[in-house]
Structures are given as structure tokens and as C-alpha cells.
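K.L.:
This is a predicted model, with the sequence first.
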Amino acid sequence: MGNREDKLIEEINDLRKSFIKTTDRLLKDIKRQDKIMARSDKRQRKEYDELQIKLQEVESLQKEIEETQKEVVFTMGAIGESRSKETGQHVKRVAEYSKLLALYYGLNEREAEMLKQASPMHDIGKVAIPDAVLNKPGRFDAQERAIMDTHAELGYDMLKMSNRPLLKMAATVAYEHHEKYNGTGYPNKIKGENIHIYGRITALADVFDALGSDRVYKKAWNDEKIFKMFKEERGEHFDPKLVDIFFENLDDFLEIRDSLKDRV
């Protein structure tokens, strides 16, 4: 071979050596990066797993807080009823009726469920009413009626300062469940749909159960008498749409009543 060919071969060999050296360096860099990434991925995976555990703990705690809040609300409602010689089954039935009415009215599941939890507080203000009035076995005179009627505002005052959605709803229920659709209720004589839907729903649920239950001042009404009264009070005491919903789904309400009878 001539000098020219020898020089060309030498250059090619140099290029090959340089290529191998560069390739080796690149391979080492890639392997080093892989190790770094593997360590980083492992650390990130650990941090992610730890975060998921913490999130689960937070969710569990939040659920426990919500369940405790529901239990406290129900218990407070039951205390209010027990002072007037009513059973815990009354607030359970009112709760179930309220949720059913809410769903049929068009409220979503979450809001209807919250109303179920809040409605047992409708008479919480009764805890501040004197026993002589609360458990009088006869009709109230004008002064006694005025005292008794304060329980709606008393209940509202007990709950209104809370920022918890459930207790805020309970405050509304306590305040407005004795308002009447025709504007003759109390404490504020609110009329029609100016009464919050929570109050309108609880009003019907509460009266339906109260009429069908023995109280210190009366015997339970039979169904025929209750249904006649509801039809007469459609658009007067009660929201007409809710009365229609009640009769259209009567079997569902009667099934709740039968499943939650007062314990003898």
C-alpha cells in the first residue's frame, strides 16, 4: 500500500478508537443517570406512598368527625323530644320522611341525606321550655302558647353561630318548621316559597308523624283523619307540591312508619 492508503487506515483506526471511547463514556453516563433516576424514583415512590397513607388518615379522620357530628346532632334532637315525652323513634321517622320528601322534590342525594341528619334538631329549642308548659296534658292558654312558640327561635339561637353546613341547615330547620305556607305560622309569618324548602319539608314530615302518635295532650289520629287534614291544608299549612308528593308516594311513607314503630 502507498503512504496515502496507510494514512487513511490510520485515520479510520483513530476515528474508531475515538468513537469507542465516546460510546463508552456515553454508556457510563447513561448508566449513572439510570442509577440516579432509580434512586429518585424510589424516593419519589416512597414519598408518594407516605402521602397516600397520610391522605387516608385524613379521610378517615374527616369521616369520623362527620359521623360524630351526625351522632351529636341526632342525640341532641332526641333529647329535645324526650323532654316532651316523645320517643327517639319520632325523630328517626321524621328524618326518614324528610329525606324521602327531599329526594322526590328534586334535591340531590347529598343534600337530602344532610337534611335527614339535620331534621332531628327541629325541636331542639324545647330543651329551654319549662316542663309545666311542655308536658301540660291539655290545651295551652294564650300565655302558655306564647311560651311554647318560642322554641323555634330558641332552637335557631342555639345553632345559628355554627359554620358547619349540617348545623347551619339544622338552624334553618329549627327556625322555620312551624311557618305555614299561607303565612300564618311562627315565628316570622313567612309565606309560600319564602319559607326555606328545608323548613317546608320538615314541617310536613313532623306533622305527619305527630298526628299519628300519642302525645300527652292527645291520642293518635287514624290515617283517614290525617289524610283529610293534609288535603284541607294543601296550600294553607303545607307546600302544595309536597302534599302532592306525599300522596303520590304514600306507600313509601307508610312503609317507613311501619318499620320504625314506637317501642312499647
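P.N.:
Nice, I can see it.

K.L.:
host element of the residue most central in space within the chain?
P.N.:
Centrality entry for the chain: nearest residue to the mean C-alpha point is Met114, 2.3 Å, by CA atoms, centre = their mean. Assigned by DSSP states H and E, Met114 belongs to helix 109-118.

K.L.:
Thought Arg164 was touching the residue nearest to the centre of the chain, still the case?
P.N.:
No - counting by CB atoms under 8 Å, Met114 does not reach Arg164; the two are 10.6 Å apart. Where C-beta positions appear, they are placed from N, C-alpha and C, glycine not excepted.

K.L.:
pLDDT averaged over the host helix or strand of Arg39 - what is it?
P.N.:
Element membership of Arg39, judged by DSSP H and E, is helix 3-83. For helix 3-83, mean pLDDT is 65.

K.L.:
what helices or strands is the next helix-or-strand element following that helix leaning on?
P.N.:
Using DSSP H and E, the helix or strand that follows helix 3-83 towards the C-terminus is helix 88-105. With contacts taken as 3 or more CB pairs under 8 Å, 6 or more residues apart in numbering; DSSP states H and E, helix 88-105 sits against helix 3-83, helix 109-118, helix 197-211, helix 240-248, helix 250-259.

K.L.:
which of the residues in the last one are buried?
P.N.:
Within helix 250-259, the residues that count as buried by 16 or more other CB atoms under 10 Å are 252-253, 256-257.

K.L.:
quick one: contacts of that helix?
P.N.:
93, 96-97, 100, 208-209, 212, 246 (CB atoms under 8 Å, 6 or more residues apart in numbering).

K.L.:
same check, this time on the second one
P.N.:
The contact list for helix 109-118, computed with CB under 8 Å, 6+ apart, reads 70, 73-74, 95-96, 98-99, 102-103, 107, 165-167, 169-170, 172-173, 198, 201-202.

K.L.:
chain center to the following helix or strand past that helix, what's the gap?
P.N.:
The helix or strand immediately downstream of helix 109-118 is helix 131-134, counting by DSSP H and E. Centre-to-centre, helix 131-134 and its host chain are 32 Å apart (CA atoms, centre = their mean, to the nearest Å).

K.L.:
and helix 131-134, what does it pack onto?
P.N.:
Using 3+ CB pairs under 8 Å, 6+ apart, the elements in contact with helix 131-134 are helix 142-149.

K.L.:
quick one, what contacts the nearest residue to Lys116 once chain neighbours are set aside?
P.N.:
With CB to CB, 6 or more residues apart in numbering as the criterion, Lys116 has its nearest non-adjacent residue at 3.8 Å, and that residue is Lys99. Shown in contact with Lys99 (CB under 8 Å, 6+ apart): 112-113, 115-116.

K.L.:
what's the span of stretch 181-201 from first residue to last?
P.N.:
11 Å (CA to CA, to the nearest Å).

K.L.:
buried sites along that stretch?
P.N.:
For stretch 181-201, the neighbour count (16+ other CB under 10 Å) marks 181, 185-187, 190, 195-201 as buried.

K.L.:
same question, stretch 116-125
P.N.:
Buried residues in stretch 116-125, counted by 16+ other CB under 10 Å: 116-125.

K.L.:
Quick check: the two most widely separated of the residues you listed?
P.N.:
Farthest apart among the buried residues of stretch 116-125 by CB to CB are Lys116 and Gly125. That separation is 20.0 Å.

K.L.:
what about the stretch 51-200 of the chain, any weak spots by pLDDT?
P.N.:
Within the stretch 51-200 of the chain, the ranges that satisfy pLDDT under 70 run 51-52, 54-55, 57-88.
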